[in-house]
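J.: Output the structure for:
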Amino acid sequence: MKIEIINPIKTKGLGRKYTANDVIEDDSNYIELGAIVRDDNNNIVKDAVVSVEAGDQNKTMTGTGNVYPVIEQGKKVKTHYYPFHYQFKKKGKHTITFKIVGTDIEESVNITVGEKKPK
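T.: Numbering: from 1, shown residues only. You can find the predicted model right below:
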C-alpha cells in the first residue's frame, strides 16, 4: 500500500505562503490536504483507517466518500481521498503526517508558517 498527499482544492493546498493566527481570517491561515490510498496493485482504497498527526489537530478517518478528479492513463477519473483541514495557529515548522492504521505506511509534508502581519 502507499499514500499520496494531494491538494484537493487547488488554491488552498501546498505551495503558498502561510501565516499564523488563532482564528481564520483568510486562506493563508489554513490548508486543505488529502491523502489517496492505493493498494499494492495501484487500486484506490476507500475503506482504510487513516490517521493524521498534526499537533493538536489530529484526526482519524474510517473510510471516505470524498472524491477528487485525477488523470489516469489519459482519462479523468474520480478518485477517493481522505480529507484534512489544518489551521496554522503558530509560526514555525508544521509537520502533517498521514498514516494507514495497522501498518507502518505513512507520508508527511513539512510546512513553514510565518508570523501574522500586523494590521
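
J.: buried residues in the worst-scoring helix or strand of the chain on mean pLDDT?
T.: Lowest by mean pLDDT, DSSP states H and E among the helices and strands of the chain is strand 67-72, with a mean of 89. Residues of strand 67-72 classed as buried: residue 68 (neighbour count, 16 or more other C-beta atoms under 10 Å). (C-beta placed from N, C-alpha, C; glycine too.)

J.: Would you mind identifying the next helix or strand past it?
T.: strand 75-80 (DSSP states H and E).

J.: who touches that following strand?
T.: 36, 44-46, 64-72 (C-beta atoms under 8 Å, 6 or more residues apart in numbering).

J.: if you set the cut-off to 10 Å instead, what comes out?
T.: By C-beta atoms under 10 Å, 6 or more residues apart in numbering, the residues outside strand 75-80 that reach it are 4, 6, 8, 34, 36-38, 44-48, 63-72.

J.: Give the partner strands of the following helix or strand past that strand in its sheet and their orientations.
T.: As assigned by DSSP H and E, the chain's next helix or strand after strand 75-80 is strand 82-87. Here strand 82-87 has these sheet partners by DSSP bridges: strand 30-38 (antiparallel).

J.: Given the helix or strand that the partner strand is followed by, what are its sheet partners and their directions?
T.: Next helix or strand after strand 30-38 toward the C-terminus (DSSP H and E): strand 49-53. Using DSSP bridges, the strands paired with strand 49-53 are strand 59-62 (antiparallel), strand 92-100 (antiparallel).

J.: need those strands in a markdown table with distance to residue 113, mean pLDDT and mean neighbour count, can you?
T.: Shown next, in a markdown table, are the strands paired with strand 49-53 (distance: least, C-beta to C-beta, whole Å; pLDDT from 0 to 100; neighbours: other C-beta atoms under 10 Å):
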| stretch | distance to residue 113 | mean pLDDT | mean neighbour count |
| --- | --- | --- | --- |
| strand 59-62 | 19 | 97 | 14 |
| strand 92-100 | 6 | 98 | 17 |
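
J.: quick one, which of these is nearest to residue 24?
T.: Closest to residue 24 of the strands paired with strand 49-53, according to C-beta to C-beta: strand 92-100, at 15.2 Å.
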